[in-house]
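Engineer: After the sequence you'll find the predicted model.
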Amino acid sequence: MSMLERELSSLLAKLQKTKPLVHNMTNVVVTNFTANGLYALGASPVMAYAPEEVADMAKVAGAVVLNIGTLNSDLVEAMIIAGRSANENGVPVLLDPVGAGATRFRTESSLRIMREVRVSLVRGNAAEIAHLIGETREIKGVDAGDSGSYDNAILAVRAAQELGTVVAITGREDVITDGKLCRVISGGDALMTQVTGTGCLLTSVLGAFAAVEEDLLLAGTAGLAFYGTAAARAAERTAAFGPGSFQTAFLDELAKLHPHSLKGYASVREIQAATAGGLV
């Protein structure tokens, strides 16, 4: 087992032992799935949206996750209140800019949150991340086509450098970078694209790992690797069935994760980022 694999494994053990509280301001489509997924992983979810309480909830959480999947103006205001409270209390904030680029409101809301809240990690698909830095990639609704891992790595590095945050782009392979070091994580399964909320839950899972590890690049790598592992194992179990069976099996596999689960299911390779224009 490599040093990185040992670090990832120890983070899962730490998460399962400490059961961090993750404050989710997420979309109505995925609330139940997100809560169940975090419970299965070993974290403690809370969903609080009222502007009267989000600051108090954020300051006692291990991480705050802002997901704009079903946004409105009042929710954006509440997210900013929660995000500022988290900033003041040293709590990491994660942003899932669902559908950024699909409408002006989504893009502008994401950018406003980025301006007014210090975001520790942004996770999205390639099109969503591209639109945060003024680039254009095709997006349909809240979904995007999957670019190659190398193209996504270059985009992620540019975004991390411009936004000043850790950036994760998920797709056929996932990439995560702090603008200096980029990691490509293999794993998962195509069935994930047939279950609503797998991306949203992933951002909350990254929040759970961020709650127990200050190095957000390491925390994000662990979250992506273990999440992909659970999906791959669930797909093996349900290959003859379909997405409904997969969803249930996926929650089961999140609950069965242990420090040695990655072997044979997920791999991580590292790329050094040279400049915003490319990698070495």
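Structural biologist: Received it, and whenever you're ready, just let me know what you need. Numbering: from 1, shown residues only.

Engineer: where do the strands sit along the stretch 151-280 of the chain?
Structural biologist: 166-169, 174-177, 181-186, 267-275, 278-279 (DSSP state E, counting those that start in this stretch).

Engineer: Would you mind giving those strands as TSV with distance to Thr238 and mean pLDDT added?
Structural biologist: For every residue, glycine as well, the C-beta is placed using N, CA and C. Formatted as TSV, those follow (distance: least, C-beta to C-beta, whole Å; pLDDT from 0 to 100):
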stretch	distance to Thr238	mean pLDDT
strand 166-169	26	98
strand 174-177	21	97
strand 181-186	20	96
strand 267-275	22	80
strand 278-279	36	65
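
Engineer: Any chance of a markdown table for the ones you listed, columns distance to Ile154?
Structural biologist: Below are the strands of the stretch 151-280 of the chain laid out as a markdown table (distance: least, C-beta to C-beta, whole Å):
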| stretch | distance to Ile154 |
| --- | --- |
| strand 166-169 | 10 |
| strand 174-177 | 9 |
| strand 181-186 | 9 |
| strand 267-275 | 9 |
| strand 278-279 | 6 |
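
Engineer: Can I get the ones you listed in JSON lines including mean neighbour count and distance to Ile129?
Structural biologist: Listed next are the strands of the stretch 151-280 of the chain as JSON lines, based on neighbours: other C-beta atoms under 10 Å; distance: least, C-beta to C-beta, whole Å:
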{"stretch": "strand 166-169", "mean neighbour count": "29", "distance to Ile129": "5"}
{"stretch": "strand 174-177", "mean neighbour count": "28", "distance to Ile129": "10"}
{"stretch": "strand 181-186", "mean neighbour count": "21", "distance to Ile129": "13"}
{"stretch": "strand 267-275", "mean neighbour count": "14", "distance to Ile129": "15"}
{"stretch": "strand 278-279", "mean neighbour count": "14", "distance to Ile129": "16"}
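
Engineer: for the ones you listed, which one sits closest to Ile133?
Structural biologist: Ile133 sits nearest to strand 166-169 of all the strands of the stretch 151-280 of the chain, at 9.5 Å, using C-beta to C-beta.

Engineer: The closest residue to Pro97 other than its chain neighbours: what's it in contact with?
Structural biologist: In this structure, Pro97 finds its nearest non-sequential neighbour in Ser110, 3.9 Å apart by C-beta to C-beta, 6 or more residues apart in numbering. Contacts for Ser110 (C-beta atoms under 8 Å, 6 or more residues apart in numbering) come out as Ile68, Leu95, Pro97, Ala100, Glu128, His131, Leu132.

Engineer: so how far is Asn87 from Ser110?
Structural biologist: 17 Å (C-beta to C-beta, to the nearest Å).

Engineer: before we move on, the earlier item: which one among the contacts of Ser110 gets closest to Ala208?
Structural biologist: Leu95 (15.6 Å).
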